[in-house]
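K.L.:
I would like the atomic coordinates for the input below:
(6 chains)
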6 protein chains.
Amino acid sequence: MKKIAIFPGTFDPFTKGHDALVRRGLSFLDEIIIAIGVNDSKKTMISLEDRIKAINSVYGEDSRVKVIAYDGLTVDFAVQQNAKIILRGIRTTTDLEYEKLIADVNRKVAGIETVMLITEPEYAHVSSTIVRELMRYGRDVSEFLP
Amino acid sequence: MKKIAIFPGTFDPFTKGHDALVRRGLSFLDEIIIAIGVNDSKKTMISLEDRIKAINSVYGEDSRVKVIAYDGLTVDFAVQQNAKIILRGIRTTTDLEYEKLIADVNRKVAGIETVMLITEPEYAHVSSTIVRELMRYGRDVSEFLP
Amino acid sequence: MKKIAIFPGTFDPFTKGHDALVRRGLSFLDEIIIAIGVNDSKKTMISLEDRIKAINSVYGEDSRVKVIAYDGLTVDFAVQQNAKIILRGIRTTTDLEYEKLIADVNRKVAGIETVMLITEPEYAHVSSTIVRELMRYGRDVSEFLP
Amino acid sequence: MKKIAIFPGTFDPFTKGHDALVRRGLSFLDEIIIAIGVNDSKKTMISLEDRIKAINSVYGEDSRVKVIAYDGLTVDFAVQQNAKIILRGIRTTTDLEYEKLIADVNRKVAGIETVMLITEPEYAHVSSTIVRELMRYGRDVSEFLP
Amino acid sequence: MKKIAIFPGTFDPFTKGHDALVRRGLSFLDEIIIAIGVNDSKKTMISLEDRIKAINSVYGEDSRVKVIAYDGLTVDFAVQQNAKIILRGIRTTTDLEYEKLIADVNRKVAGIETVMLITEPEYAHVSSTIVRELMRYGRDVSEFLP
Amino acid sequence: MKKIAIFPGTFDPFTKGHDALVRRGLSFLDEIIIAIGVNDSKKTMISLEDRIKAINSVYGEDSRVKVIAYDGLTVDFAVQQNAKIILRGIRTTTDLEYEKLIADVNRKVAGIETVMLITEPEYAHVSSTIVRELMRYGRDVSEFLP
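P.N.:
Below is the predicted model of the structure:
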């Protein structure tokens, strides 16, 4: 059976850190769906179309990676896509505790397993939040993007 | 390509918590080698033979699970077994920080990826250390063993 | 002297996790006042009336448990109720650090002691935030409520 | 029913930090048994007799505080003393995670509740380990003792 | 070469905890610029003018301490002020993880070093957030201010 | 007044991570004494002489860095060397909590300030413990040494 995982996030923007997690995930998964969560009440800096385009330009040739936007509960999207696994990166212990609660709920309400990769040290500081902050003040952020 | 992981530990004893991690790992891995680390300077409560026997009695029928003892570096054993992945369970943030350092080294010196599963809450307290402590004082520990 | 504690929160909704803390607290406290903090600038999903009604239906017969809404500082409410103790549950290390700062201030400004219970593992993921998120998408959440 | 708690530790030595926890515990408990764990394989700096004497000299007049040495499992001692509660101080998040595992086991195997107080900031650094280290090098440590 | 550091924050209000960090920083730095970050989208309780005045009244006589408001990226302000160092206080492990990410970025994008002091225990709970909360309810907060 | 710090440790071995901390410390300190703690009850892999020689070969030309072995309390050594500052690297939150307790004691008993640098991510996994483990199994560790 094909091992399909979703990799959910806002990806505003999709960084080198996200890219590294996807590539590492492909070492033990057959397919990764990059799942862009859409939340009407949350304003993003980059439009959904541009985020999809940017991610597609990274993996365009690799049929194992797909990009799909979704709204609603992440587990409902996972079930609908036939994905049994959620892939998550952990940077800090604060991340761990948050992810643990979500993972427990997702296992309980939908039988979805969550697999964690610890962010590589060289990408730990490359968060979308920090990149957006740098963009806001006109800094060149290309070194943080794939 | 077959996805083989090693699941290293001392397993003194192998608990329900370990068992849960192996079963969850099988949802995205093709084969798991339960790798019993042997360290001459570290005395165990249960003999190596009895630990191997106990684990085999759990997975005897499942060809996807093997039990092998090893000494030396864990990554060297992984390479020798053709395993590209180390499977680890995380219970606490203290675990996370320790595992992160080891995982970074293992990726660096041998290209081995470490995949983390967060321990399910109902098994979080079922550590080998606590089970041994209960055994030492004559408590029945069968509820903690698979 | 009667040992009275307040158990403050928003309880939007009051979950099985809250209920477990109250019941555990009753093993060493004489009276627990479930203190619903009212904050005009914070919108809740469930109305104050419905939250009071739901909690009362859980403890209706137990004279050791009261439900009272309050605004203002939690310690001021505690003093006014003759409560010397604040009861709090801790789920994560992030909780601990937050609670520690608040507890230090409360001890300093009003001589109120804070007593902590660590959330039982089976309720660790049952946070009001997560339950609200599930409610928002139409999931049945009755298994998380007392 | 009288609310009896045990406050277990090695108390080598019993510090101002321990004393502060006992006094805070008495604000919501009827009796506290300071339970000195005796472990033949663990060498202490101060003899058991001297530790008992030192603690008694602090609480001699207070019938709510007792000092008793025990060996074996802490929960077995609690049950034998008719204590339903274990009182513990938490200094750090590392403490929390350790205490959580022990508390979960104690609740499970013996129905004993664990109640946590966060160490007051002014005593956070007053650990027995650090006091022993200072004693070893001939420092006056009286400011750390009650 | 003169060792100049900036000590960035909102200082709404500037507390005894901030003051203690500045004084400790002066034991190894030649000059500290208290850098008040101005962010149009973030409303403060105390006006910028009053914050500057309050801080100046504390260090008025000490030529090693300056107060300057800035907007934009903190590192850009540091570079413009010829400061090679950012001074930060850490209270909790949550603080550490946040500061670590920011410090890594600041080193990377501008070669600015971040030096951390751990908050003294007696000031750990004196956060601006808590002081504002007390002010909001009419409490006297002068004991928390320098 | 000259700003002198001690940088205490066992340095068994002195790694690239230690070296990075010393170099970063020199950006705001005038002199750093690398203080090798000697503890008769703790066996090291590398002899004291070889550790001193190795460190000297790194900083031989730089008069701002000295290497001295000491036994006894670290603060006593600091006082004796006229150093007002202890320089420490922090890798993890577990480190932070340990360092905090020690720093509070050192400030209290000897007025010595502790200044923390967070380990750069690329060196976070380069601990002496891990390097020794690799050496034990015959791995080449030169990439971890300065």
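K.L.:
In its sheet, which strands sit next to the helix or strand containing A:Ile33, and in what direction?
P.N.:
Taking DSSP states H and E as the definition, A:Ile33 sits inside strand A:31-37. Sheet pairing of strand A:31-37 (DSSP bridges) gives strand A:4-9 (parallel), strand A:65-70 (parallel).
K.L.:
could you point out which element follows the last one?
P.N.:
In this case it means strand A:65-70. Counting by DSSP H and E, what follows strand A:65-70 is helix A:74-80.
K.L.:
Kindly report the same for the first one.
P.N.:
Scanning forward in sequence from strand A:4-9, with DSSP H and E defining helices and strands, the next element found is helix A:16-25.
K.L.:
before we move on, back to that, tell me the average confidence for the strand holding A:Ile33?
P.N.:
For strand A:31-37, the mean pLDDT works out to 98.
K.L.:
now that strand against helix A:16-25, angle please.
P.N.:
150 degrees (axes from the mean of the first three to the mean of the last three CA atoms, to 10 degrees).
K.L.:
After strand A:31-37, which helix or strand is next? Please name it.
P.N.:
That would be, after strand A:31-37 and using DSSP H and E, helix A:48-59.
K.L.:
Okay, the residue nearest to A:Lys3 when sequence neighbours are not counted and A:Arg132: tell me how far apart.
P.N.:
Nearest residue to A:Lys3 in three dimensions, chain neighbours excluded: A:Asp30, at 4.5 Å (CB to CB, 6 or more residues apart in numbering or on different chains). Where C-beta positions appear, they are placed from N, C-alpha and C, glycine not excepted. In this view, A:Asp30 and A:Arg132 are 32 Å apart by CB to CB, to the nearest Å.
K.L.:
Also A:Val109?
P.N.:
Taken as CB to CB, the span from A:Val109 to A:Arg132 is 31 Å.
K.L.:
With adjacent residues omitted, what lies nearest to the closest residue to chain B within chain A?
P.N.:
When distances are taken as CB to the nearest CB, chain A reaches nearest to chain B at A:Thr93, 3.6 Å away. Leaving aside its chain neighbours, A:Thr93 sits nearest to B:Thr93 (3.6 Å; criterion: CB to CB, 6+ apart).
K.L.:
Which residues of chain A lie near chain E?
P.N.:
A:91-94, A:124-125, A:127, A:130, A:133-134, A:137, A:139 (CB under 8 Å from any CB of the partner chain).
K.L.:
Tell me the buried residues within those.
P.N.:
A:91-94, A:124-125, A:127, A:130, A:133-134, A:139 (16 or more other CB atoms under 10 Å in any protein chain shown).
K.L.:
Now intersect the residues you listed with the strands, please.
P.N.:
The members of these all map outside strands under DSSP state E.
K.L.:
any chance of those residues in CSV, with pLDDT too?
P.N.:
Formatted as CSV, those follow (pLDDT from 0 to 100):
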residue, pLDDT
A:Arg91, 91
A:Thr92, 91
A:Thr93, 90
A:Thr94, 89
A:Ala124, 86
A:His125, 86
A:Ser127, 92
A:Ile130, 92
A:Glu133, 92
A:Leu134, 93
A:Arg139, 92
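K.L.:
Nearest to E:Asp62 among these?
P.N.:
A:Glu133 (32.4 Å; CB to CB).
K.L.:
so what's that closest one up against?
P.N.:
E:Leu73 (CB atoms under 8 Å, 6 or more residues apart in numbering or on different chains).
K.L.:
Where does chain A get nearest to chain D, residue-wise?
P.N.:
Closest contact between chain A and chain D, by CB to the nearest CB, is at A:Thr93 (8.0 Å).
K.L.:
Let me know the closest of the buried ones among the residues of chain A next to chain E to C:Lys66.
P.N.:
Nearest to C:Lys66 out of these is A:Thr94 (CB to CB; 35.1 Å).
K.L.:
How about A:Asp71, nearest residue that isn't a chain neighbour?
P.N.:
Leaving out its chain neighbours, the residue that sits closest to A:Asp71 by CB to CB, 6+ apart is A:Val38, at 4.6 Å.
K.L.:
pLDDT on stretch A:104-112, on average?
P.N.:
Average pLDDT, stretch A:104-112: 93.
K.L.:
That stretch near chain D at all?
P.N.:
No. Using CB under 8 Å from any CB, stretch A:104-112 stays clear of chain D, coming no nearer than 14.9 Å.
K.L.:
buried ones in that stretch?
P.N.:
A:104-110, A:112.
K.L.:
likewise stretch A:116-129?
P.N.:
A:116-121, A:123-128.
K.L.:
do the same with stretch A:138-146
P.N.:
A:139, A:141, A:144-146.
K.L.:
Stretch A:41-57 too?
P.N.:
A:44, A:46, A:51-52, A:54-55.
K.L.:
got it, and stretch A:22-31?
P.N.:
Those would be A:22, A:24-26, A:28-29, A:31, for stretch A:22-31 by 16+ other CB under 10 Å.
K.L.:
Include distance to B:Gly17 when you put these into TSV, please.
P.N.:
Output for these, formatted as TSV (distance: CB to CB, whole Å):
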residue	distance to B:Gly17
A:Val22	30
A:Arg24	25
A:Gly25	25
A:Leu26	29
A:Phe28	22
A:Leu29	24
A:Glu31	30
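K.L.:
which among those residues gets closest to F:Phe11?
P.N.:
A:Arg24 (33.3 Å).
K.L.:
thinking again about what came up before, taking helix A:48-59 as reference, get the angle to the strand holding A:Ile33.
P.N.:
Using the same axes, to 10 degrees: strand A:31-37 against helix A:48-59 is 160 degrees.
K.L.:
Please list the residues outside strand A:31-37 that contact it.
P.N.:
A:2-11, A:14, A:18, A:22, A:25-26, A:48, A:51-52, A:55, A:59, A:64-71, A:74, A:77-78, A:81, A:83, A:87.
K.L.:
what residues does chain A put near chain B?
P.N.:
Counting by CB under 8 Å from any CB, chain A sits next to chain B at A:3, A:5, A:24, A:27-29, A:84-85, A:90, A:93, A:96-97, A:99-100, A:103-104, A:107, A:113-118, A:120-121.
K.L.:
For stretch A:22-41, what is the distance to the chain centroid?
P.N.:
5 Å (CA atoms, centre = their mean, to the nearest Å).
K.L.:
Verify the contact between the residue of chain A closest to chain B and B:Tyr98 for me.
P.N.:
No. With contacts counted by CB atoms under 8 Å, A:Thr93 stays clear of B:Tyr98, the gap being 11.4 Å.
K.L.:
show me what contacts the residue lying closest to A:Asp104 once chain neighbours are set aside?
P.N.:
Among residues not flanking A:Asp104 along the chain, C:His125 sits closest, at 3.7 Å (CB to CB, 6+ apart). C:His125 is in contact with A:100-102, A:104-105, A:108, B:121, counting by CB under 8 Å, 6+ apart.
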